[in-house]
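> sequence first, predicted model second:
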Amino acid sequence: MTTPESTRRLPWHPLRLGLPVLLAFALSACQTMPGARTGAQGASTTAAGNLGTAKPAHADPVRTVNPSREASDLRVFLADTRSHPGWTPVPLKPSGLLYVRTDAIIGRDDLMGIQSATDQNGGGILVLVLKDSGLTKLRDATAANPGMRLALVVGQMMLAAPAYASPIREQKLAFGVGSAHNADVAARSVAGVP
């Protein structure tokens with residue numbers, strides 16, 4: 001049985017090297033998911049991008065996040081390019097490190113819905129539609145930790161880690177995830193629909 005505290009933790013212990021190895025693999029593999037195709041945007045583009053700057057050219061309908069065992073988990077973590085005590089260092093390709101806090105700010109239960117979209121260049125965007133409680137958590141965490149990054153993890157795959165300049169105040173949170181196919185696969189898996 002899980003407690004509310006444990007549901008906010010990573011599903012693996014970072015000292016076992018699972019987190020650094022898994023996230024490094026994810027970043028070096030251009031954030032692909034099982035069943036997903038690699039897009040033109042690589043990990044360095046996504047990791048260096050800014051949160052919510054992409055303007056959707058096309059958006060699918062918002063999918064309701066159903067409480068389903070078949071659904072993939074979703075978590076958003078604080079991350080930074082500077083070291084912090086207790087944060088896990090993750091090597092980036094071709095160089096550099098990203099430090100990820102091991103407790104999630106928000107999870108799947110903080111979502112009202114999820115949506116896949118594309119930008120004007122055809123790049124995939126995953127849009128999280130937050131419940132009021134999720135928005136409050138995210139706003140508080142980003143206000144207390146200005147100028148960092150938000151690492152988006154679906155299942156056990158880091159898909160993006162964009163920077164934010166100011167506290168998050170919007171109900172919809174957009175992440176560039178490489179390709180339109182990646183966005184669609186992630187949205188469907190988190191929503192618990194085939």
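Received it, and whenever you're ready, just let me know what you need. Numbers count the residues shown, from 1 in each chain.
> from now on I want contacts and neighbour counts done on CA atoms only, so please keep to that.
Noted.
> now P89. Nearest residue, chain neighbours left out?
Y99 (4.3 Å; C-alpha to C-alpha, 6 or more residues apart in numbering).
> okay, strands next: where are they in this structure?
56-59, 63-64, 74-80, 88-91, 97-100, 106-107, 111-119, 123-130, 149-154, 157-160, 172-179 (DSSP state E).
> strand partners of the longest one, parallel vs antiparallel please.
When pairs are called by DSSP bridges, strand 111-119 turns out to pair with strand 56-59 (antiparallel), strand 63-64 (antiparallel), strand 123-130 (antiparallel).
> double-check the residue nearest to P89 against V90; I have them as touching.
Yes - when contacts are counted by C-alpha atoms under 8 Å, Y99 is listed as touching V90 (5.9 Å).
> buried stuff in stretch 172-185?
172-185 (16 or more other C-alpha atoms under 10 Å).
> I'd like those residues as a markdown table, with distance to S72 and pLDDT appended.
Output for these, formatted as a markdown table (distance: C-alpha to C-alpha, whole Å; pLDDT from 0 to 100):
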| residue | distance to S72 | pLDDT |
| --- | --- | --- |
| K172 | 20 | 94 |
| L173 | 18 | 94 |
| A174 | 18 | 95 |
| F175 | 17 | 96 |
| G176 | 18 | 95 |
| V177 | 16 | 94 |
| G178 | 19 | 92 |
| S179 | 19 | 93 |
| A180 | 18 | 94 |
| H181 | 16 | 95 |
| N182 | 14 | 94 |
| A183 | 13 | 95 |
| D184 | 13 | 94 |
| V185 | 10 | 94 |
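> which helix or strand in the protein has the lowest average pLDDT?
helix 43-48 (a mean of 30; mean pLDDT, DSSP states H and E).
> weakest of the strands paired with strand 111-119 by average pLDDT?
The weakest mean pLDDT among those belongs to strand 56-59, with a mean of 72.
> now tell me what touches that strand from outside.
115-120, 125 (C-alpha atoms under 8 Å, 6 or more residues apart in numbering).
> let's see it at 7 Å
With contacts defined as C-alpha atoms under 7 Å, 6 or more residues apart in numbering, strand 56-59 is touched by 116-120.
> same check on stretch 101-110?
So stretch 101-110 is contacted by 8-10, 73-79, 87-88, 130-131, 133-134, 137-138 (C-alpha under 7 Å, 6+ apart).
> buried ones among those residues?
The neighbour-count test (16+ other C-alpha under 10 Å) marks 8-10, 73-79, 87-88, 130, 134, 138 as buried among the contacts of stretch 101-110.
> now for those residues: which two are most distant?
Greatest spatial distance in the buried ones among the contacts of stretch 101-110: T88 and L130, 26.2 Å, computed using C-alpha to C-alpha.
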